[in-house]
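Enquirer: When you get a sec, could you give me coordinates for this:
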Amino acid sequence: MSLLLEYRSPGSIPLEVEGITPDVLREKSFGETEQMPVFEGNRQGVLADFFKLSGDLADGRMVWEGDLSGVHWLGAHMREGEMLIRGPAGRHIGSEMRGGRIIVQGDASDWVGGEMRGGSIHIQGNAGHLIGAAYRGSPVGMRGGVIMIDGNAGNELGHTMRRGLLAVGGDVGDLIGFNMLAGSIFVFGASGIRHGAGMRRGTLGFFGPPPPLLATFRRACRYRPVMLTMLFRQLRKDGFHIADELLTQDFELHHGDMIEGGRGEILLRGAA
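Expert: This next block holds a predicted model:
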């Protein structure tokens, strides 16, 4: 049986539930779980003040239910287990998580997977800005794991990303892979401008309409990367949609940012 948390009545004040994860609650009794501290604005309360709890963590799975768009830090610091979020969710989902799996059956806000190090996050709706990014002042963003977003996302995805894979099925905004150190970001819809600015290594893949590239990127060749096909197949296995034609598609390779040594790469979908 899973542990079910039903949001009683969403209010206008943000609720922070940082640290309420399967690995933290595994050794706690039902009563101790109900008394876990949460914050409504600057007022401390307990989990049972805001959620109706039922079930248990026998299967290592938590289910959050309701309009959670004002509930933040869901799954932050998570290390193992599974978290299912039925409804829209707030900021910082899976922030700094190291393992386990989070599925959101709805939209998410900003900072999904901020500085995450492992595990997987699947947003089945849209997401906000700064997905997998470094927090302001931090030297490194996402360091491992997988983030999949079925819908659209905003600006600065993968800001200062170090490792991992980030895939967006819909459209994105500007500055994807800004200051990127390594890792991979795939976009399957339309995108904005100034992608890869300051990137040192890593791969940006734009598999929808090709965006304008900065003048500091140079075309290298047209080819079909074997590793890309393998990653596409893995994403499919994980429930992310990949069109059949992408498995046999050639791609245009560009190197950059030349200002940072030109060891990064941008892949654009080539003509059929």
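Enquirer: Toward the C-terminus from the helix or strand containing Met227, list the very next helix or strand.
Expert: According to DSSP states H and E, Met227 maps onto helix 226-237. The first helix or strand that comes after helix 226-237 along the chain, using DSSP H and E, is strand 251-256.
Enquirer: just the CA coordinates of that next one, formatted as PDB?
Expert: As requested, the backbone C-alpha atoms of strand 251-256 are provided in PDB (Å, rounded to 0.1, in the frame of the first residue of the first chain):
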ATOM      1  CA  PHE A 251      21.800  15.800 -37.600                       C
ATOM      2  CA  GLU A 252      23.800  18.900 -38.200                       C
ATOM      3  CA  LEU A 253      26.700  19.300 -35.700                       C
ATOM      4  CA  HIS A 254      27.900  22.700 -34.500                       C
ATOM      5  CA  HIS A 255      30.700  23.300 -32.100                       C
ATOM      6  CA  GLY A 256      30.900  26.200 -29.500                       C
END
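Enquirer: just to revisit the earlier point, the helix holding Met227 to strand 251-256, inter-axis angle?
Expert: 110 degrees (axes from the mean of the first three to the mean of the last three C-alpha atoms, to 10 degrees).
Enquirer: Return helix 226-237 as CSV; C-alpha atoms alone will do.
Expert: Output of helix 226-237 as CSV, limited to C-alpha atoms (Å, rounded to 0.1, in the frame of the first residue of the first chain):
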residue,chain,number,x,y,z
VAL,A,226,24.9,6.2,-32.4
MET,A,227,24.7,7.3,-28.8
LEU,A,228,21.8,9.6,-29.6
THR,A,229,19.8,6.7,-30.9
MET,A,230,20.5,4.8,-27.7
LEU,A,231,19.4,7.8,-25.6
PHE,A,232,16.2,8.1,-27.6
ARG,A,233,15.4,4.5,-27.1
GLN,A,234,16.0,4.8,-23.3
LEU,A,235,13.7,7.9,-23.2
ARG,A,236,11.0,5.9,-24.9
LYS,A,237,11.4,3.1,-22.4
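Enquirer: so what does that helix touch, helix or strand wise?
Expert: In terms of contacts (3 or more C-beta pairs under 8 Å, 6 or more residues apart in numbering; DSSP states H and E), helix 226-237 is packed against strand 163-168, strand 184-187. (Glycine included, C-beta is placed from N, CA and C.)
Enquirer: Show me what the longest one pairs with in its sheet, parallel or antiparallel.
Expert: By that I understand strand 163-168. strand 143-149 (parallel), strand 184-187 (parallel) (DSSP bridges).
Enquirer: what about it, average pLDDT?
Expert: Average pLDDT, strand 163-168: 98.
Enquirer: For it, which outside residues touch it?
Expert: Strand 163-168 is contacted from outside by 113, 116, 127, 131-132, 142-149, 152-153, 157-158, 182-189, 231, 235, 240, using C-beta atoms under 8 Å, 6 or more residues apart in numbering.
Enquirer: hmm, which of those residues are the buried ones?
Expert: 113, 116, 127, 131-132, 142-149, 152-153, 157-158, 182-189, 231, 235, 240 (16 or more other C-beta atoms under 10 Å).
Enquirer: Dig out what the most centrally placed residue in the chain forms beta bridges with.
Expert: Closest to where the C-alpha atoms of the chain average out (C-alpha atoms, centre = their mean) is Ile147, at 3.7 Å. Per DSSP bridges, the residues bridged to Ile147 are Ile121, Leu166.
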